[in-house]
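Visitor: here are the coordinates; sequence isn't available:
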């Protein structure tokens with residue numbers, strides 16, 4: 001499995017209108033581990049996902065062995081003194097490409113990157129070194145979406161909305177950002193972030209999304225369990241009065 005190399009147009013066509021499942025876990029989380037991530041990805045494929053978003057080269061390789069879907073690869077790396085952590089350098093992007101990702105997701109904001117690297121330079125090097133790999137810029141605002149498109153991104157996502165200093169108060173799903181990007185940008189818009197229900201998934205498409213990524217609501221069992229427990233707690237509190 002996972003041996004076929006899809007062309008850019010084929011990858012884009014395959015994710016259009018579908019559900020991309022983000023299978024990620026950090027060290028210390030209960031579900032961390034290559035085998036677990038691969039199992040999650042396989043389950044998502046069986047459930048009808050059109051692609052998988054995954055982090056770290058070793059996880060991408062493990063996932064690629066068991067599925068026949070495109071992989072949106074990222075490499076989360078934290079550098080002291082820098083806010084950018086989603087595939088922050090060309091080296092991290094190259095590692096993702098070499099692991100077998102069809103799409104490389106990178107930070108698409110104007111924030112300073114390690115080693116003095118610039119977004120336009122990273123995009124140019126990726127296009128030159130890995131011509132069949134798409135670049136998806138994870139953004140937080142329309143302004144940064146425009147910037148990322150100008151720098152050479154093939155896709156722009158709303159992934160970082162609510163996760164940057166500028167947008168830290170935006171902790172709920174915001175379909176209007178999708179609409180704004182759809183109107184102002186020429187590249188496909190992928191919706192991601194704070195999408196927790198089927199209604200929100202549908203709303204993302206109603207507002208112009210090309211594809212939609214859902215992670216926590218599907219692949220974070222500890223968070224899913226917590227929501228049920230909280231709901232049960234409210235029930236017990238209201239019925240005991």
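Guide: It's in. Bear in mind that the values here come from a model prediction, so they are computed numbers and not experimental data. Numbers count the residues shown, from 1 in each chain.

Visitor: What is the burial count for the nearest residue to residue 78 once chain neighbours are set aside?
Guide: In space, and not counting its chain neighbours, residue 78 is closest to residue 85: 5.0 Å by CB to CB, 6 or more residues apart in numbering. For every residue, glycine as well, the C-beta is placed using N, CA and C. Counted with other CB atoms under 10 Å, the neighbours of residue 85 add up to 16.

Visitor: likewise residue 117?
Guide: Residue 117: 17 surrounding residues under other CB under 10 Å.

Visitor: Check residue 111 too.
Guide: 17.

Visitor: same thing with residue 199?
Guide: 10.

Visitor: what's the average pLDDT for the helix or strand it falls within?
Guide: Using DSSP states H and E, residue 199 sits within helix 198-206. Averaged over helix 198-206, pLDDT sits at 98.

Visitor: That one: what's the following helix or strand?
Guide: strand 211-214.

Visitor: Sheet-wise, list the partners of that next one with their directions.
Guide: strand 19-22 (parallel), strand 189-192 (parallel) (DSSP bridges).

Visitor: any chance of these in a markdown table, with distance to residue 32, mean pLDDT and mean neighbour count too?
Guide: A markdown table is the format used below for the strands paired with strand 211-214 (distance: least, CB to CB, whole Å; pLDDT from 0 to 100; neighbours: other CB atoms under 10 Å):
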| stretch | distance to residue 32 | mean pLDDT | mean neighbour count |
| --- | --- | --- | --- |
| strand 19-22 | 14 | 99 | 24 |
| strand 189-192 | 21 | 98 | 27 |
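
Visitor: Indicate which one of those is closest to residue 236.
Guide: Nearest to residue 236, of all the strands paired with strand 211-214, is strand 19-22, at 32.4 Å by CB to CB.

Visitor: So what touches that closest one?
Guide: 40-41, 44, 47-54, 72, 190, 192, 201, 211-216, 218-219 (CB atoms under 8 Å, 6 or more residues apart in numbering).

Visitor: mind redoing it with 6 Å?
Guide: 44, 49, 51, 52, 53, 211, 213, 215, 218 (CB atoms under 6 Å, 6 or more residues apart in numbering).

Visitor: Contacts only, for the first one.
Guide: Contacts were defined as CB under 6 Å, 6+ apart; by that measure residue 44 touches residue 21.

Visitor: ok, the residue nearest to residue 78 to residue 108 distance?
Guide: Per CB to CB, to the nearest Å, residue 85 is found 13 Å from residue 108.

Visitor: Same question for residue 199.
Guide: On the measure of CB to CB, residue 199 and residue 108 end up 27 Å apart.

Visitor: Need the distance between the two termini of stretch 185-198.
Guide: One end of stretch 185-198 to the other measures 26 Å (CA to CA, to the nearest Å).

Visitor: where does the residue nearest in space to the middle of the chain land on pLDDT?
Guide: What sits nearest the mean C-alpha location of the chain, by CA atoms, centre = their mean, is residue 53, with 5.6 Å. Per-residue pLDDT puts residue 53 at 99.
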